[in-house]
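**Q** got a predicted structure plus its sequence, pasted below:
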Amino acid sequence: MIYENAPAKINLTLDTLYKRDDGYHEVEMIMTTVDLNDRLTLEKRHDKKIILKVEHRYVPTDHRNLAYKAAKLMMDRYQLEQGVTITLDKTIPIAAGLAGGSSDAAATFRGMNRLFELDLSLETLSELAAEIGSDIPFCVYGKTALCTGRGEKLQALPKPPAAWVVLAKPDISVSTGDVYGALRIEEHAEQIPTEDCIRALEEGDYQLLVNSLGNRLEDVTIKMHPIIQTLKETMQKAGIDATIMSGSGPTVYGLASKERQAKSVVNALKGCCKEVYMIRLLG
Ligand SMILES: C[C@@](CO)(OP(=O)(O)O)[C@H](O)COP(=O)(O)OP(=O)(O)OC[C@H]1O[C@@H](n2ccc(N)nc2=O)[C@H](O)[C@@H]1O
Ligand SMILES: Nc1ncnc2c1ncn2[C@@H]1O[C@H](COP(=O)(O)OP(=O)(O)O)[C@@H](O)[C@H]1O
């Protein structure tokens, strides 16, 4: 039996450059992992089936699940003669902008590689991953990276300075496709400080990091769900150092340098958001 951890990611930055002919957006974003994890176990089967076990009412257990898709792609591409039973223990909120499904798929690629002793490099797994989702190549490597193209081209970056992360996931689901669909790039003149954020990581400068968070999709999702703005304001009033939406949302996160500060932000969120997590940057 193989165990794999699937950490959530947050976007430190997310910029969209233009819409491509294939319908995807050319992006430039810095992503980093946090210590909020789904857990997977993978076991070989005697037949050629893929059986996925998940106890969560909103997570499909069939071909719609990204972990299932990853297992199927590995079985087909490498002509595996045995199937797999995957048990998925979900902790990462669903459709949240935290790449939960993508991280489960990435963990499945890594896990299948070990279970069937395929000896594939992370680079090969990452190429396979791009076939089923833009965020999955990043999740194959984890850590911290500048992601370009439609998200699948990666450049490793140093890990961020130590910090507390307060995550608030409002009780709504957001479709990534809908958010990109509602984005009007020409309306956005504001700069996303990608270069500053890279410098903050290279210099390990926490103050520069909190000043260089940015997300081009934030205004788009806030228009659909004003609760995101309310959560940001609640965190700001409670003394967070910086707050931004992750990915296409609706999760909002804040960074804090001190544990006491993070705890008082968590307390301030009680009553306006049920799903709140106080975690650490992993990077
Ligand atoms: C916004 C981001 C930021 O990390 O993540 P999440 O909010 O999902 O975590 C990503 O760009 C999401 O990546 P991912 O969730 O893998 O997207 P995909 O399954 O590949 O695409 C879903 C849909 O989003 C749109 N899409 C996605 C990526 C991209 N660069 N341009 C797009 O326009 C397309 O309409 C596509 O059909
Ligand atoms: N392993 C998975 N975990 C959660 N959701 C999944 C998974 N596989 C597919 N999905 C589907 O993908 C959608 C987006 O899920 P998720 O990956 O959690 O979002 P996001 O990319 O915003 O973090 C969900 O609505 C769910 O139906």
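**A** Noted; the coordinates are in hand. Ligands and ions are numbered 1, 2, ... in the order given.

**Q** what about residue 97, how many neighbours?
**A** For residue 97, the count of nearby residues is 28 (other CB atoms under 10 Å). Bear in mind the C-beta positions are built from the backbone N, C-alpha and C, glycine included.

**Q** burial count for the residue nearest to residue 49 when sequence neighbours are not counted?
**A** Once flanking residues are discounted, residue 49 sits nearest to residue 83: 4.3 Å by CB to CB, 6 or more residues apart in numbering. Counted by other CB under 10 Å, the residues lying close to residue 83 total 18.

**Q** list the residues that contact residue 83.
**A** With contact set as CB atoms under 8 Å, 6 or more residues apart in numbering, residue 83 has these partners: 44-45, 47-51, 75.

**Q** ligand 2 versus residue 210, what's the distance?
**A** To ligand 2, residue 210 is 23 Å away according to CB to the nearest ligand atom, to the nearest Å.

**Q** was I right to think residue 91 contacts residue 37?
**A** Yes - Residue 91 is within contact range of residue 37, at 6.1 Å (criterion: CB atoms under 8 Å).

**Q** higher neighbour count, those two?
**A** Neighbours were counted for residue 91 and for residue 37 using other CB under 10 Å; residue 37 has more, 20 against 13.

**Q** the more buried one against residue 7, yeah?
**A** Yes - between residue 37 and residue 7 there is a contact under CB under 8 Å: 5.1 Å.

**Q** among the contacts of residue 83, which are located in strands?
**A** 44, 50-51 (DSSP state E).

**Q** compare those residues and tell me which is most surrounded.
**A** If you count neighbours using other CB under 10 Å, the busiest of these is residue 50, which has 23 neighbours.

**Q** ok but residue 155 is inside a helix, no?
**A** No - Residue 155: not assigned to a helix; according to DSSP: H, G, I helix; E, B strand; the rest coil it is strand.

**Q** so what's the nearest residue to it once chain neighbours are set aside up against?
**A** Nearest residue to residue 155, sequence neighbours excluded (CB to CB, 6+ apart): residue 146, at 4.5 Å. Residue 146 makes contact with 28-30, 154-155, 157, 194, 198, according to CB under 8 Å, 6+ apart.

**Q** ok, of the residues you listed, which come out buried?
**A** 28-30, 154, 157, 194, 198 (16 or more other CB atoms under 10 Å).

**Q** quick one: contacts for the residue of the chain found nearest ligand 1?
**A** Residue of the chain nearest ligand 1, by CB to the nearest ligand atom: residue 247 (2.5 Å). Contacts were defined as CB under 8 Å, 6+ apart; by that measure residue 247 touches 9-11, 14, 97-99, 135, 176, 215, 217.

**Q** show me the residues you listed that map onto strands.
**A** Using DSSP E, those in strands are 9-11, 14, 215.

**Q** circling back: out of the ones in strands among the contacts of residue 83, who's nearest residue 64?
**A** Checking the ones in strands among the contacts of residue 83 against residue 64 by CB to CB gives residue 50 as the nearest, at 12.5 Å.
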